[in-house]
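**Q** The following comprises the amino acid sequence and a computationally predicted model.
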Amino acid sequence: MAIAHERPDGEGLAVGEGLARGEGVAAESLCVRLQPALCPTDEQFFQFCGLNRELRIERTATGEVTVQPPAGWETARRNAAITAQLQTWAMADGTGLAADSSAGYILPSGAIRSPDASWVRNSRLERVPAEQRSRFLPLAPDFVIELRSPTDRLSAMQEKMLEYAVAGVALGWLIDPGSRTVFVYRPGSNAKRLVARASVTGAPTLRGFRLRLEHIWRDSALY
């Protein structure tokens, strides 16, 4: 089994910088290469993730497993603000259900991803057996949000957003507090860059949903 560390580069923070800016020690993500020595099934991978709930674990389309430790407090605060707004809208709208960063999705490529926030239409969820809904969903969500932390490489996050678009995600937002930028992804079109906006709207995919960004941009100088 080969293990490689993914170190923050110029797009992220060094360990000392992360500590000085309030995020604690800047934790590195870990890439574990299993194949061809080990080829766990989707169910085995689900059980593995369940045994390590304190970690954020994903699988790439090529079978590599990426592991990230818990986020810094500022990143967690921002993510909570995002999820709360999406959940409030979803409950009022009623056409789909929202999930937080603990939800896993099996994409058509075989990758298993856990976006920071996501939403799936009821009409698609109804086609998934109830037993399967207690595990990873075998579909790409209709909407995803990824929140960049100080230690995330922007290029890697952008590649993940392209992966979502190819998988059929109708709308994706990559939020970068450090530059106060939202990158908007839709299938078949180039990413759109929105800078220093007070809010961003999910129309027409999520009619009536508007994410307020004032709490997300707060203390963005820490980046």
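**A** Structure received.

**Q** roughly how far is the helix or strand hosting residue 98 from the heart of the chain?
**A** Element membership of residue 98 [criterion: DSSP states H and E] is strand 96-99. How far strand 96-99 lies from its chain's middle: 14 Å, per C-alpha atoms, centre = their mean, to the nearest Å.

**Q** Name the nearest residue to residue 202, ignoring sequence neighbours.
**A** Spatially, and ignoring its direct neighbours in sequence, residue 202 is nearest to residue 209 (3.9 Å; C-beta to C-beta, 6 or more residues apart in numbering). For the C-beta atoms, the positions are set from N, CA and C on the backbone; glycine is no exception.

**Q** From residue 188, how far out is that neighbour?
**A** Distance, residue 209 to residue 188, by C-beta to C-beta, to the nearest Å: 22 Å.

**Q** Mind checking which of the two has more residues around it?
**A** residue 209 (21 against 6; other C-beta atoms under 10 Å).

**Q** Pretty sure the more buried one sits against residue 201.
**A** Yes - judged on C-beta atoms under 8 Å, residue 209 makes contact with residue 201 at a distance of 6.9 Å.

**Q** So which residue is smack in the middle of the protein?
**A** Closest residue to the average C-alpha location of the chain: residue 115 at 2.4 Å, with C-alpha atoms, centre = their mean.

**Q** For my notes, confirm it occurs in a strand.
**A** No - read with DSSP: H, G, I helix; E, B strand; the rest coil, residue 115 is coil and lies in no strand.
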